[in-house]
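K.L.:
3D, please:
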Amino acid sequence: MERIKSFCVDHTKLKKGIYLSRLDGDLYTWDIRMTEPNNEPALDPKAAHAIEHIGATLLRNSSVADKIVYFGPMGCMTGFYLITRDLDMLASVPVIMDTFKKIADWEGEIPGAKPEECGNYTYMDLEGAKAAAKHFLNASLEFEYHYLEK
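P.N.:
Purely as a prediction, here's the structure:
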């Protein structure tokens, strides 16, 4: 069986940053690495769940809302995937950074954190989400257009 492209990336060399991991026609898949794989602790799942709710809400209400397809956590808990339509790196990076700044400063309720809105609505950690967003923003970040071609 053929390995998928993302398993061909040497995760021992990845740093925190924003990478284009796939380009499928007009769909861009952004790999937002919030922690350094295999060198830093992974995201706490409760914090990641809160980031998902806040981030998805912010992105789907942003000036590029019509270009947002998906935002969700990586299974390894080192970051998030963002899928956009027709948003290259020059357009995407400021949106991503602004979203994480807003998550780091979030006050109030977590969007969609009610039993009728989420299947595990109590499984969230707002303070952990804010700390993880700050950790990401305070890092020296890498920005690469297409690491999968290396």
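
K.L.:
Assign a three-state SS to residue 13, would you?
P.N.:
coil (DSSP: H, G, I helix; E, B strand; the rest coil).

K.L.:
residues touching it, list them.
P.N.:
Contacts for residue 13 (C-beta atoms under 8 Å, 6 or more residues apart in numbering) come out as none. Backbone N, C-alpha and C define where each C-beta goes, glycine included.

K.L.:
And residue 69, by the same measure?
P.N.:
Applying C-beta under 8 Å, 6+ apart to residue 69 gives the contacts 27, 83, 84, 85.

K.L.:
who touches the residue lying closest to residue 26 once chain neighbours are set aside in this structure?
P.N.:
Once flanking residues are discounted, residue 26 sits nearest to residue 86: 4.9 Å by C-beta to C-beta, 6 or more residues apart in numbering. Counting by C-beta under 8 Å, 6+ apart, residue 86 touches 26, 28, 67.

K.L.:
do the same with residue 122
P.N.:
Counted by C-beta under 8 Å, 6+ apart, residue 122 has contacts residue 113.

K.L.:
Could you do the one 4 residues further on as well?
P.N.:
Shown here is residue 126, whose contacts under the criterion C-beta under 8 Å, 6+ apart are 50, 106, 110.

K.L.:
Swap in 6 Å and give it another go.
P.N.:
Contact analysis of residue 126 by C-beta atoms under 6 Å, 6 or more residues apart in numbering lists 50, 110.

K.L.:
how much space is there between it and residue 96?
P.N.:
20 Å (C-beta to C-beta, to the nearest Å).

K.L.:
Next one: residue 132 from residue 6, what distance?
P.N.:
The gap separating residue 132 from residue 6 is 21 Å, by C-beta to C-beta.

K.L.:
ok, the two, which is more surrounded?
P.N.:
For residue 132 versus residue 6, neighbours defined as other C-beta atoms under 10 Å are more numerous around residue 132 (23 against 14).

K.L.:
which non-adjacent residue is nearest the more buried one?
P.N.:
That would be residue 47: by C-beta to C-beta, 6+ apart, it lies 5.1 Å from residue 132.

K.L.:
do the same with residue 73
P.N.:
In space, residue 73 comes closest to residue 48 once its chain neighbours are excluded; the distance is 4.5 Å by C-beta to C-beta, 6+ apart.

K.L.:
Three-state assignment for residue 84, please.
P.N.:
Of the three states, residue 84 takes strand under three-state DSSP.
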